[in-house]
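# Okay, predicted coordinates and the sequence, questions at the end:
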Amino acid sequence: MSVAAVADWRPGPAPAVVLRHDRARGTDLLLLPERVVVLKGAAGTILGLCDGTRTVADIVSELADRFPGAPVAGDVPAFLDRLRTEGWLR
């Protein structure tokens, strides 16, 4: 997929995929049918912005404001594209 196509994409969770915060572990979880993925680092924050209305460019911009100096412009689109390939985002 081209960089422009990824930037215009409005990612949201795939059907039956739910983002939850686990208070006991102090981390975010991605709940999938018959599988739980423990999210590390900023993954939960990134996925929390994937509501189907924001473009990847919007998500990158918001994260750049929240985390100045972080390499979000390159890392976030690649991360989201990888999750789409897994079938976890639509």
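Now that the structure is in, tell me what you want to look at.

# For the rest of this, base every contact and every neighbour count on C-alpha atoms.
Will do.

# where exactly do the helices run in the protein?
In the chain, the segments counted as helices under DSSP state H are 3-8, 43-48, 56-66, 72-86.

# For the longest one, which residues meet the burial criterion?
So that's helix 72-86. 72-73, 76-77, 80-81, 83-84 (16 or more other Cα atoms under 10 Å).

# Redo these as CSV? Include pLDDT and distance to residue 48.
Listed next are the buried residues of helix 72-86 as CSV, based on pLDDT from 0 to 100; distance: Cα to Cα, whole Å:
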residue, pLDDT, distance to residue 48
72, 96, 15
73, 95, 17
76, 97, 13
77, 96, 15
80, 97, 12
81, 96, 15
83, 97, 13
84, 97, 15
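
# any chance of those residues in TSV, with distance to residue 23 too?
Converted to TSV, these look like this (distance: Cα to Cα, whole Å):
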residue	distance to residue 23
72	26
73	30
76	25
77	28
80	25
81	28
83	24
84	26
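
# for these, which one is nearest residue 25?
For these, the residue nearest residue 25 by Cα to Cα is residue 83; the value is 22.5 Å.

# Residue 29 versus the closest one, what's the distance?
Between residue 83 and residue 29 the distance, using Cα to Cα, to the nearest Å, works out to 14 Å.

# Also residue 90?
Remark: distance between residue 90 and residue 29 (Cα to Cα) = 18 Å.

# which intervals of the protein have sub-threshold pLDDT?
Of all residues in the chain, those with pLDDT under 70 make up the ranges 1-5.
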